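>>> Model the following, please.
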Amino acid sequence: MYKFSSDLEDSALIRSPLNDDLSLAIDQFNSTLQSMIDNHAPIIRRSVSLRPHAPWFTDKLKLQREREENWKDDGARITPKLIIYYKPNIVNHFSSIIVSNQGDQKILFQAVNNLLYRKPIVRYPSVGSDMAKKVQIILY
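Reported below is the predicted structural model:
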């Protein structure tokens with residue numbers, strides 16, 4: 001806390017404030033505050049794994065998964081028993097989608113892609129340089 005106070009006292013905001021122009025004073029305040037925050041409380045980045053929502057993953061399965069993870073943490077030997085619990089829910093979920101959308105090919109293909117975990121491939125035209133890209137955009 002002492003270091004923060006001493007840095008604030010040594011800052012240009014305290015030593016030579018800009019009182020003549022309001023916009024300059026605000027800019028000075030913002031830049032001083034930003035540099036103080038960056039120096040004393042830097043941003044800490046964390047990575048978070050995002051997983052898609054699985055509609056067939058019920059609360060009962062979630063509880064079973066938590067128990068399995070706790071069992072793993074305890075060092076016990078694990079056998080892959082969870083598939084026994086997952087399979088009926090997965091089958092029921094996708095069967096209901098197929099039955100309710102028999103005439104809609106788009107939804108059926110989306111269900112197949114979700115079942116097989118297919119991701120759409122994004123394809124861009126190949127262009128060599130920035131100038132060629134600009135020319136293609138202008139000609140389009």
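
>>> Just checking, which helix or strand of this protein averages the lowest pLDDT?
None of the helices or strands of the chain scores lower by mean pLDDT, DSSP states H and E than helix 130-139, at a mean of 69.

>>> how about the strands of the chain, start to end?
Ranges of strands within the chain: none, based on DSSP state E.

>>> Below-threshold pLDDT in the protein: ranges please.
By pLDDT under 70, the weakly predicted segments of the chain are 72-83, 120, 122-136, 140.

>>> Need the outlier residue of it, farthest from its centre.
Distance from the C-alpha centroid of the chain peaks at residue 20, with 44.7 Å (Cα atoms, centre = their mean).

>>> what about dumping the CA coordinates of stretch 94-107 to CSV?
Extracted C-alpha coordinates of stretch 94-107, given in CSV (Å, rounded to 0.1, in the frame of the first residue of the first chain):
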residue,chain,number,x,y,z
PHE,A,94,-31.5,-38.1,-31.1
SER,A,95,-34.4,-40.5,-31.7
SER,A,96,-36.9,-37.8,-30.7
ILE,A,97,-35.2,-35.3,-33.0
ILE,A,98,-35.4,-37.8,-35.9
VAL,A,99,-39.1,-38.6,-35.2
SER,A,100,-40.2,-35.1,-34.8
ASN,A,101,-38.4,-33.7,-37.9
GLN,A,102,-38.9,-36.5,-40.4
GLY,A,103,-39.7,-34.1,-43.2
ASP,A,104,-37.0,-31.5,-42.5
GLN,A,105,-33.8,-32.6,-44.1
LYS,A,106,-31.8,-29.6,-42.7
ILE,A,107,-32.6,-30.4,-39.1
